[in-house]
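Novice: Predicted model and sequence follow; I will ask about them next.
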Amino acid sequence: MRCLPVVMPLLFVAVPAPAQTAQGDVAVTIYNNDIALVQDARTLTVPAGRSHQEFPDVSAQIRPETASLSGAGIAIVEQNFDYDLLSPDKLMEKAVGQTITIVRTNPATGAETREQARVLAANGGIVLQIGERIEVLRDDGLPVRVVFDKVPDNLRARPTLSVTIDAAKAGPVATRLSYLTPGLGWTSDYVMLFDEKTGAADMQGWVTLTNNSGTTYANARTLLVAGNVGGGRNRLGALTSTLEAAGTESGQRERLGDYYLYPLAERTTIAQAQQKQVSFLDVKGAPARKAYEFVNGWLGSNDTPRSAATAIKFSTSRQGGLGDQLPAGTIRVYMRDQRGDPQFIGESRIDHTPMGSSLSIRTGEAFDVKVKTVVEERTRLSSRRWQTRMRYILSNARPEPVTVDVAQNGLWGDARVTAQSLEGNRVSADRIEWKVPVPANGTTELIATFDTRY
């Protein structure tokens with residue numbers, strides 16, 4: 001025997017059928033960090049003086065302290081957010097100490113019997129007083145429904161903002177309700193189809209809208225803001241791609257301060273508990289190339305050769321690139337197999353990337369391209385200086401030659417490269433890079449000597 005759950009069929013007496021939506025002309029601005037600005041234009045018919053107005057269908061996660069109502073000739077006296085929503089559980093909780101009607105139906109005859117019951121408790125089960133007896137409402141297989149005389153005043157069928165206003169005169173007033181809410185967010189996702197033979201890539205960018213705010217926004221004008229806006233939350237985690245060079249080009253996209261705006265071309269309905277995808281980038285044949293990368297830490301030595309990373313390198317510049325700013329997101333890379341079918345080869349995250357940038361998207365580890373690093377010799381030159389000779393052994397089991405971008409990290413500003421078998425590029429005080437060619441089915445060695453403080 002178990003208690004009858006309160007999700008049983010209930011008859012709600014005096015509960016009006018809910019309207020489709022009470023929202024007006026809605027505009028939603030969604031930021032990357034789980035925050036959104038909702039602006040809802042509604043026309044109110046108000047009496048002169050003070051009156052109580054309700055705004056149903058606001059976000060269930062509204063931040064009430066951010067709400068503002070503007071309209072000609074009105075002033076806000078008080079506002080309340082009613083988030084105690086109507087449900088069978090809540091009806092029972094609010095009915096404690098009140099009298100309800102229990103209706104049981106005989107499944108054989110269809111005859112109904114009604115009893116008046118006083119609700120004593122609704123904590124994990126319903127305890128009733130019927131006449132002189134105490135009864136626990138139980139699941140005994142008989143159809144049962146509960147009839148309430150009315151809906152409690154402090155329960156709402158939908159999230160509602162209640163406002164007391166003072167109007168200078170009676171009549172219709174055009175108002176705009178604005179507020180911030182979490183639960184509405186967007187992310188960017190990119191699909192790249194890379195063609196190694198032609199050295200080109202097709203890139204499509206998708207915006208994914210997610211609504212967990214508890215409310216549907218019908219036919220809304222939607223604007224997306226790319227950038228990390230203060231006051232939000234859920235910053236992106238560690239990024240695995242490499243921004244090799246930050247761009248300096250300006251595009252045609254609208255800016256808001258230091259952020260870029262991505263308005264959706266058409267109004268859209270953002271339903272509660274829904275993900276919606278909209279395309280915002282579609283570029284064909286952008287130049288791209290495959291590269292191999294290997295980064296070694298200072299005094300890094302490995303007895304077993306390690307795989308080089310496979311990367312796809314491309315530009316976001318107007319000339320010879322994608323020609324757009326890229327909001328932070330995940331790039332998923334595909335290549336066609338010998339049958340012509342696109343196959344997934346890896347993914348990587350990018351941060352907000354200005355136009356004109358150079359990107360290296362790491363897709364995984366190379367099967368056939370390995371690097372072994374050896375600290376061959378360490379010589380103390382003085383109490384504060386050391387000489388270190390490093391050997392990098394690169395192998396290639398592919399039937400074509402490859403070039404590996406080898407980087408040595410961990411150098412200090414006063415470190416000097418005193419000898420190297422291949423000319424490198426000191427890209428920073430901490431790092432030097434070499435482009436090392438490795439023949440097909442062969443090996444290559446790179447030797448470098450460093451004069452350092454340690």
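Specialist: Happy to help now that I have it.

Novice: In space, not sequence, find me the middle residue of the chain.
Specialist: For the chain, residue 187 is the residue whose C-alpha lies nearest the centre (Cα atoms, centre = their mean; 4.5 Å).

Novice: burial of the nearest residue to that one once chain neighbours are set aside, as a residue count?
Specialist: Leaving aside its chain neighbours, residue 187 sits nearest to residue 208 (5.1 Å; criterion: Cβ to Cβ, 6 or more residues apart in numbering). All C-beta atoms are positioned from the backbone trio N, CA, C, and that covers glycine. Counted by other Cβ atoms under 10 Å, the residues lying close to residue 208 total 14.

Novice: Give me the sheet partners of whichever strand or helix holds residue 208 and which way each runs.
Specialist: Following DSSP states H and E, one finds residue 208 within strand 200-211. Paired strands of strand 200-211, with direction, are strand 184-195 (antiparallel), strand 274-296 (antiparallel) (DSSP bridges).

Novice: starting at the chain centroid, how far to that strand?
Specialist: Relative to the centre of its chain, strand 200-211 is centred 13 Å away, using Cα atoms, centre = their mean, to the nearest Å.

Novice: What are the boundaries of the strands in the stretch 251-400 of the chain?
Specialist: Along the stretch 251-400 of the chain, counting by DSSP state E, counting those that start in this stretch, strands occupy 255-256, 259-263, 268-270, 274-296, 306-315, 329-336, 342-350, 358-380, 386-396.

Novice: picking that back up, list the residues that contact the residue nearest to the centre of the chain.
Specialist: Neighbour list for residue 187: 32, 207-208, 210, 329-330 [criterion: Cβ atoms under 8 Å, 6 or more residues apart in numbering].

Novice: For the residues you listed, work out which two are farthest apart.
Specialist: 210 and 330 (14.5 Å; Cβ to Cβ).

Novice: Kindly list the main-chain dihedrals of the residue of the chain most remote from its centre?
Specialist: Computed with Cα atoms, centre = their mean, the residue of the chain farthest from its C-alpha average is residue 132, at 57.3 Å. Reported as degrees, to the nearest 10, the phi and psi values for residue 132 are phi -100, psi 0.

Novice: Check what pLDDT it gets.
Specialist: Note on residue 132: pLDDT of 84.

Novice: Ok, the one 5 residues further on next?
Specialist: Residue 137 is assigned 78 on the pLDDT scale.

Novice: Likewise for the one 5 residues further on?
Specialist: Here the pLDDT value assigned to residue 142 is 58.

Novice: Same question for residue 400.
Specialist: So residue 400 comes in at 95 (pLDDT).

Novice: Nearest residue to it in space, please, no chain neighbours.
Specialist: Nearest-residue entry for residue 400: residue 440, 5.2 Å, with adjacent residues in sequence omitted and distances by Cβ to Cβ, 6+ apart.

Novice: Looks to me like the one you found is in a strand.
Specialist: No: counting by DSSP: H, G, I helix; E, B strand; the rest coil, residue 440 is not part of a strand but coil.

Novice: thinking residue 401 is in contact with residue 438, fair?
Specialist: Yes: counting by Cβ atoms under 8 Å, residue 401 touches residue 438, with 6.4 Å between them.

Novice: More neighbours: which of the two?
Specialist: residue 438 (21 against 13).

Novice: any idea how far that one is from residue 405?
Specialist: Distance, residue 438 to residue 405, by Cβ to Cβ, to the nearest Å: 12 Å.

Novice: Please apply the same query to residue 357.
Specialist: 17 Å.

Novice: is residue 330 in a bridge, and if so with what?
Specialist: residue 189, residue 349.

Novice: Please apply the same query to residue 432.
Specialist: With DSSP bridges as the rule, residue 432 is bridged to residue 408.

Novice: Number of residues surrounding it?
Specialist: 20.

Novice: same question, residue 358
Specialist: Per other Cβ under 10 Å, the neighbour tally for residue 358 reads 17.

Novice: who touches it in this structure?
Specialist: 243-245, 247, 313-315.

Novice: do the same with residue 174
Specialist: 41, 43, 71-72.

Novice: which of those residues lies closest to residue 114?
Specialist: Taking the contacts of residue 174 together and measuring to residue 114 by Cβ to Cβ, the closest member is residue 43, at 44.6 Å.

Novice: Checking the closest one next. Helix, strand or coil?
Specialist: On the basis of three-state DSSP, residue 43 is classed as strand.

Novice: wait, doesn't it sit right on residue 175?
Specialist: Yes: here residue 43 reaches residue 175: they are 7.2 Å apart, a contact under Cβ under 8 Å.

Novice: who has more neighbours, the two?
Specialist: A side-by-side neighbour count of residue 43 and residue 175, using other Cβ under 10 Å, places residue 175 first with 21 against 11.

Novice: Show me what counts as buried in stretch 389-398.
Specialist: Applying a neighbour-count criterion of 16 or more other Cβ atoms under 10 Å, one finds 389-392, 394-396, 398 buried in stretch 389-398.
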